[in-house]
Every structure is written in C-alpha cells, then in structure tokens.
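1. Kindly return the folded structure for what I paste below:
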Amino acid sequence: MSLESIIVTITPDRLREIQRLPVIPAHAVYRMGRGPHLFRANGSSAPRGGMMLLDCRTFDGLGAAPPFCQEVIQECSARGFTGVVCDFEAGRLPPLEQVVRELGGECRRRNWTLIVPEQYGHCSEHALVMISSALSGGSLRQRLQEAQERFGRDRVALALQRVAEDFFLPSPTGSGVPLSRRELEEKLEQLHPSVFFSHELCARYFTYMSRESGAHFVLFDDRDTLRKKLEVAQELGITSAVAALPEVLDAAGELGIRN
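-> Residues are numbered from 1 along each chain as shown. Below you'll find the model as predicted:
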C-alpha cells in the first residue's frame, strides 16, 4: 500500500538512510526562537529539498508574526523547500495562531504545503491538519471522519505514531505510562500474555495483573498496526501522512515505501 506523500521528520545526520525511499524529508534543524526569529541548529549543514520542520519550544511568545514568517519563507525559498511542518506541541497560543495564519497564506501563494497540529487547524483553511494515529479509546476511523467533517475532507493528514502505553485499570484519565520498545519487549517476554488486536483502535493489546499495582492494560503498535492505520486513512481518502524516521525504517515494507 502507499500514499501520495509520506513526510518523514529527520535530522541531517540520518538523511542517507532515506535517500532511496520515496518519502519527503522534513528537516528537524529549525526552531522558532526569541524575537521571534528563525534559527538553525548550531553546526548543522544547510539542507536542500523537502520541507522545513519548525520547532517552537524556545519561543517566548513575544514579537510580531509577519516578519518572522518572512524569514521562514525566505529560508524555504533559499533551500528549495516545498512547505513547512509546524511542530507546535504547546497549547493554543495567539502568537502561534497568527504564525499559522500568515504562513497559510504565504504557502498558498507559492503552492507549498503547510502542515499543522490539530489545535491550530482552525487558523488557516489552506493548511493540512495532523491527526494522531494513537488512540486509547474510541475508533480511529471515526476520529478521522470527525476531523474531515470539521476541517474538510482534503485537509486531514495522518500523524503516524508507533506507541506503547501501560494503563492502570481502571484508567479514568485515559493516559498510560509510555513504554520504550525494549520495555515492551521485556514485558512480552516476561509475561507471555495473550495478545489481541483492536479493530477500532488499530492497535494490539494485552492485560496482566501485578501484585503491587493490580490490573494493567497494555496498548501498543507494531509494523502491522501501522499498516492497518494507513489503510484506514486511505479508505477515507487521506493521501498524506507524517511520521518519524524510526517508524518509517522499521515498517518500510508494510507501509509500501521500499524501493
């Protein structure tokens, strides 16, 4: 299976690993700093082609958006980028909303792609909106359909995330303890649990009991669940996905992106 575009967030030192794959790199070397001004990571070479991944973790919330957005557009033009992926993890901040509005118009005029998190999807009708593939309840298909109804059928991109979480039962918050891949493998080897597949979540799960903390529910992804999530997205007409490098390399065959 394949999509029209799979955007891979990546650092410069690992670009060689995707050179032969039909994916679009989103270069993780840019940040929105004080001013605001656009900064590139110290010592990083200037990338060419692909997209800019814009990080806002060092942004202080001060300054005007239009001059900053011009810095972004100028850098994208100089590097041959075809768009921007806004990696805005913070809650909805008015200055960042203004940045999305400005970039939406600038990218639209140049036929570039702007991709934003869900909480900023309302700021520009021209932006693609990332909807995470990771759910702890409900239905992935319904989640994506609701996003399409909210933002528009052609404005949704799947943010493909390989996650594993350990939930205490009952779990009133719907949040679990994140597990690394090694921690998950150790639990599977130690417990030898019966593992099931949730068609609604497109994820695998198992339960176990602990003498210290009681009942647990572990929800996790593997290469096959990532493939299933992409299939659901494709069935809904979603043509773009954003993923981190490990997910792409580990599941390249299942995701249909091997040469």
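2. do you know how far residue 232 is from residue 139?
-> To residue 139, residue 232 is 9 Å away according to CB to CB, to the nearest Å. Just so you know, the C-beta spots here come from the backbone N, C-alpha and C atoms, and that holds for glycine as well.
3. what about the two, which has more around it?
-> Using other CB atoms under 10 Å as the criterion, residue 232 and residue 139 rank with residue 232 on top: 19 against 16.
4. pLDDT of the helix or strand containing that one, averaged?
-> Residue 232 belongs to helix 223-235 when assigned by DSSP states H and E. For helix 223-235, the mean per-residue pLDDT is 94.
5. cool, stretch 32-44 as well?
-> Averaged over stretch 32-44, pLDDT sits at 84.
6. buried sites along the strand or helix carrying residue 184?
-> Using DSSP H and E, residue 184 sits in helix 181-191. Neighbour counts over helix 181-191 (16 or more other CB atoms under 10 Å) mark 184, 187 as buried.
7. cool, and stretch 53-71?
-> Neighbour counts over stretch 53-71 (16+ other CB under 10 Å) mark 53-56, 59, 65, 68-69 as buried.
8. How many residues are close by the closest residue to residue 228 other than its chain neighbours?
-> Nearest residue to residue 228, sequence neighbours excluded (CB to CB, 6 or more residues apart in numbering): residue 202, at 4.5 Å. By other CB under 10 Å, 24 other residues sit near residue 202.
9. I figured residue 202 hits residue 229, correct?
-> Yes. Counting by CB atoms under 8 Å, residue 202 touches residue 229, with 4.6 Å between them.
10. Pull up the overlap in contacts between these two.
-> 133, 140 (CB atoms under 8 Å, 6 or more residues apart in numbering).
11. distance of the residue nearest the centre of the chain from residue 50?
-> By CA atoms, centre = their mean, the chain has its centre lying nearest to residue 159, at 3.6 Å. Applying CB to CB, the value for residue 159 to residue 50 is 17 Å.
12. again with residue 25
-> The value you get for residue 25 to residue 50, if CB to CB is used, is 4 Å.
13. which residues touch residue 23?
-> So residue 23 contacts 6-8, 248, 257 (CB under 8 Å, 6+ apart).
14. What's the separation between it and residue 249?
-> 10 Å.
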